[in-house]
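Peer 1: this one's sequence-less:
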């Protein structure tokens, strides 16, 4: 199988590296409008062949898959053209800049019987997969809340605001881990240096008592990548900045008992042990690359398929609409 990587700026070289070393991939082509970046990647990976324009890739029948790592605004046009040429497509997050375009790509891939996959990289993180196992096992009980903080100083984007850039990660993790999808969203955010919000707070509501909150920020003096998941039995902390124990499971919670007398309900705090489970430390991008190639070979649906990408874009759209309406609650049709 041959693959082409479109866009070799920030994330593209990582994709080139992983596809180049995958045993199924015979040859990797790459294209970028920036000639210097293209030359740099070819120097780093001598087996990669540079292509001067995208049309050459589309018209090359030996290239079976296209990997798109360009600015969000170009995702739809590039992905649609590749699907029309019967090529499987992997798109950097988010899938598109609006849900109408995302839906068109999903329908086109289905019609053409092609793989459409989104690079929701954290879904393939060993620690996130372990959290999924713990939650699905029922060990922590019913999930009451999902709380995420993703902040640092920069990297400012020029085409999307902070929620489209950073919140996409935590939304994809949330949708992967939780059994239920959100039914409404409320968000607030502000911009300080241009027209794009650089700080935002998103709240997501579910049909049950579960609630989710995501804080994203390009203006923080420290880098934080932390998720807290509270269950009725136990709680999980995922700290991606930790070098060893990224996941910690706490036997902490609240016990509620009913008694006769003045206080009908008695709430007691429970504090038990903590343990840090082991997880697969394989590079997430290597896992994602393998998932994409396996889906093509086996004609199967990857975990982060087009539908998963569409769900995230719908939430991002709703959050952006809420920000423009000063935090108004925006309902998500059919709970996604």
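Peer 2: Good, I have the coordinates. This one's a predicted model, so the numbers in the text were calculated from it and none came from an experiment.

Peer 1: number of nearby residues for the nearest residue to residue 245 once chain neighbours are set aside?
Peer 2: With CB to CB, 6 or more residues apart in numbering as the criterion, residue 245 has its nearest non-adjacent residue at 3.9 Å, and that residue is residue 276. For the C-beta atoms, the positions are set from N, CA and C on the backbone; glycine is no exception. Residue 276 has 13 neighbours, counted by other CB atoms under 10 Å.

Peer 1: In contact with residue 276: list those residues for me.
Peer 2: By CB atoms under 8 Å, 6 or more residues apart in numbering, residue 276 lies in contact with 244, 245, 247, 248, 249.

Peer 1: Next, residue 230: secondary structure please.
Peer 2: Here residue 230 is recorded as strand under DSSP: H, G, I helix; E, B strand; the rest coil.

Peer 1: ok, it touching residue 142?
Peer 2: No - counting by CB atoms under 8 Å, residue 230 stays clear of residue 142, with 9.9 Å between them.

Peer 1: any idea how far the residue nearest to residue 245 lies from residue 228?
Peer 2: When CB to CB, to the nearest Å is the yardstick, residue 276 and residue 228 sit 15 Å from each other.

Peer 1: which parts of stretch 67-74 are buried?
Peer 2: By 16 or more other CB atoms under 10 Å, the buried positions in stretch 67-74 come out as 67, 68, 69, 70, 72, 74.

Peer 1: ok, what's across the strand from the second one?
Peer 2: Beta bridges link residue 68 to residue 6, residue 91, judged by DSSP bridges.

Peer 1: Helix or strand, whichever it is, which one in the chain has the lowest mean pLDDT?
Peer 2: Ranked by mean pLDDT, DSSP states H and E, the weakest helix or strand in the chain is strand 265-275, scoring a mean of 75.

Peer 1: what's the following helix or strand after it?
Peer 2: Next helix or strand after strand 265-275 toward the C-terminus (DSSP states H and E): helix 284-298.

Peer 1: Moving C-terminal from that following helix, which element do we reach first?
Peer 2: Downstream of helix 284-298, the first helix or strand assigned by DSSP H and E is helix 306-324.

Peer 1: Distance from the chain centre to the helix or strand just after that following helix, please.
Peer 2: The helix or strand immediately downstream of helix 306-324 is strand 330-331, counting by DSSP H and E. Mean-position distance between strand 330-331 and its chain equals 21 Å (CA atoms, centre = their mean, to the nearest Å).

Peer 1: so where's the stretch 101-250 of the chain uncertain?
Peer 2: Filtered on pLDDT under 70, the stretch 101-250 of the chain yields no residues whatsoever.

Peer 1: sorry, back to before: just the buried residues of the contacts of residue 276.
Peer 2: Applying 16+ other CB under 10 Å to these flags 247, 249 as buried.

Peer 1: Residue 98 and residue 317 touch, don't they?
Peer 2: Yes - using CB under 8 Å, residue 98 makes contact with residue 317 at a distance of 6.5 Å.

Peer 1: how about residue 111, secondary structure?
Peer 2: Going by three-state DSSP: residue 111 is helix.

Peer 1: Quick check: buried residues in the helix or strand residue 43 falls within?
Peer 2: Using DSSP H and E, residue 43 falls within helix 35-44. By neighbour count on 16+ other CB under 10 Å, the buried set for helix 35-44 is 37, 38, 41, 42.

Peer 1: which of these sit farthest apart?
Peer 2: Greatest spatial distance among the buried residues of helix 35-44 (CB to CB): 37 and 42, at 9.8 Å.

Peer 1: which of residue 230 and residue 142 has more neighbours?
Peer 2: A direct count of neighbours by other CB under 10 Å for residue 230 and residue 142 places residue 230 higher, at 22 against 14.

Peer 1: the domain parsing of the chain - what is it?
Peer 2: Recorded structural domains for the chain (assignment: automatic domain parsing) are 2-121+285-305, 123-283+314-335.

Peer 1: all helices for this protein, in order.
Peer 2: Using DSSP state H, the helices of the chain run over 12-21, 35-44, 54-58, 75-84, 99-112, 126-136, 162, 168-177, 284-298, 306-324.

Peer 1: Need those in a markdown table (columns: distance to residue 272).
Peer 2: As requested, the helices of the chain are exported to a markdown table (distance: least, CB to CB, whole Å):
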| stretch | distance to residue 272 |
| --- | --- |
| helix 12-21 | 40 |
| helix 35-44 | 50 |
| helix 54-58 | 56 |
| helix 75-84 | 46 |
| helix 99-112 | 43 |
| helix 126-136 | 15 |
| helix 162 | 37 |
| helix 168-177 | 22 |
| helix 284-298 | 31 |
| helix 306-324 | 34 |
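
Peer 1: Among those, which comes closest to residue 29?
Peer 2: helix 54-58 (6.1 Å).

Peer 1: other SSEs contacting the closest one?
Peer 2: strand 2-6, strand 27-31, helix 75-84 (3 or more CB pairs under 8 Å, 6 or more residues apart in numbering; DSSP states H and E).
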